[in-house]
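# with the input below, show me the fold.
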Amino acid sequence: MNKLYAPIALALTAALLSAPAGAQEAVKKKLYCWNEAGRKVCGDALPASATDSARTEFSAKSGMTTSQVGRALTPEERAAAAAQATIEQQTQFQLAAQRMREHAMAESYATEADLRRAFSSRIALLDDTIKATQLSIGGLRQSLISLLRQAGEAELAGKRVPANLAGTITTQHNELIRQQAMLVTHRQDRGEIDAELEHALQTYRALKGPKAAAGPGDGDA
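Numbering: from 1, shown residues only. Got it, this is the predicted structure:
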């Protein structure tokens, strides 16, 4: 049976190879559709004015869509795309560096208790800083209240508020605002270090396995 069909296959191949060039080109020919001045235009050739436009390409033989070509980017869009690509590359570098730090962390601490102790000094320092800032804010409030009382008494007595008193009130008020902003920042840092510790523990457990929480000898009978 193979011998019977072989001449047919050879004949078809020969016919295709010997087909006129125009017929072969017709098979490859494309049709294009694009928007021009708000209206859809189609043709069998793409003018130079449409090379940067979004378009749909069709097969002239089958009428099926062969590709969708987006419009050319503007210089601003190209710059934005390049900037986004740089950001994504930097993000990948940061993630790779983070993974390296996490693996190094898993090698550095024998147990979770060791990892917690590494964070405890940072946590204690932040807690002390928050307490000190709170005390400073309390002292500034009391001092400012006293200064404002003095200014109020002077005004009630029909006197001008001394310039040095007014200046001190302004200075202490500005310092109070600064200290309050610092307290907000310290509290945010404190929350972030708690989240960082929790993430570090989860990563540590994933890298070290279920025995990570046990200290040396804890699992011995």
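# secondary structure element for the residue most central in space within the chain?
In the chain, the centroid-proximal residue (CA atoms, centre = their mean) is residue 91; its distance is 7.1 Å. Residue 91 is part of helix 75-108, with elements assigned from DSSP states H and E.
# return the angle between stretch directions for the next helix or strand after that helix and helix 75-108.
For helix 75-108, the following helix or strand on the C-terminal side (DSSP H and E) is helix 112-156. Compare the direction of helix 112-156 with that of helix 75-108 by axes from the mean of the first three to the mean of the last three CA atoms, to 10 degrees and you get 120 degrees.
# what packs against the helix or strand that helix 112-156 is followed by?
Helices and strands here follow DSSP H and E; after helix 112-156, the next one along the chain is helix 163-208. On a contact count with 3 or more CB pairs under 8 Å, 6 or more residues apart in numbering; DSSP states H and E, helix 163-208 meets helix 75-108, helix 112-156. From N, CA and C alone the C-beta is placed, and that goes for glycine too.
# which one of the ones you listed lies closest to residue 42?
The closest of the helices and strands packed on helix 163-208 to residue 42 is helix 75-108. By CB to CB, the value is 26.4 Å.
# tell me the domain boundaries of this structure?
Per automatic domain parsing, the structural domains of the chain span 29-72, 74-108, 110-209.
# now the end-to-end length of the longest one.
Taking CA to CA, to the nearest Å as the measure, domain 110-209 stretches 12 Å from start to finish.
# average pLDDT across it?
The average pLDDT within domain 110-209 is 91.
# quick one: that domain to chain centroid distance?
30 Å (CA atoms, centre = their mean, to the nearest Å).
# separation between the residue nearest to the centre of the chain and residue 97?
According to CB to CB, to the nearest Å, residue 91 and residue 97 sit 11 Å apart.
# rewinding a little: which stretch among the helices and strands packed on helix 163-208 is buried most, on average?
Most buried of those, by mean neighbour count (mean count of other CB atoms under 10 Å): helix 112-156, with a mean of 14.
# for that one, packing partners?
Short answer (3+ CB pairs under 8 Å, 6+ apart): helix 112-156 packs on helix 163-208.
# thinking again about what came up before, among the helices and strands packed on helix 163-208, which comes closest to residue 209?
Closest to residue 209 of these, according to CB to CB: helix 75-108, at 10.0 Å.
# name every strand pairing with the longest strand belonging to the chain and say which way it goes.
When the chain is parsed with DSSP state E, its longest strand is strand 30-36. Within its sheet, and counting by DSSP bridges, strand 30-36 is paired with strand 39-43 (antiparallel), strand 55-59 (antiparallel).
# who's in contact with the last one?
Contact with strand 55-59 is made by 30-34, 46, 64-69, as judged by CB atoms under 8 Å, 6 or more residues apart in numbering.
# mind pulling up the pLDDT for the nearest residue to residue 30 once chain neighbours are set aside?
Counting by CB to CB, 6 or more residues apart in numbering, residue 57 is the residue found nearest to residue 30 once chain neighbours are left out, at 5.2 Å. You'll see residue 57 listed with a pLDDT of 86.
# next, count neighbours for residue 57.
15 (other CB atoms under 10 Å).
# how far away is it from residue 68?
Distance, residue 57 to residue 68, by CB to CB: 8 Å.
# I figured residue 169 hits residue 145, correct?
No - using CB atoms under 8 Å, residue 169 is not in contact with residue 145, being 10.5 Å away.
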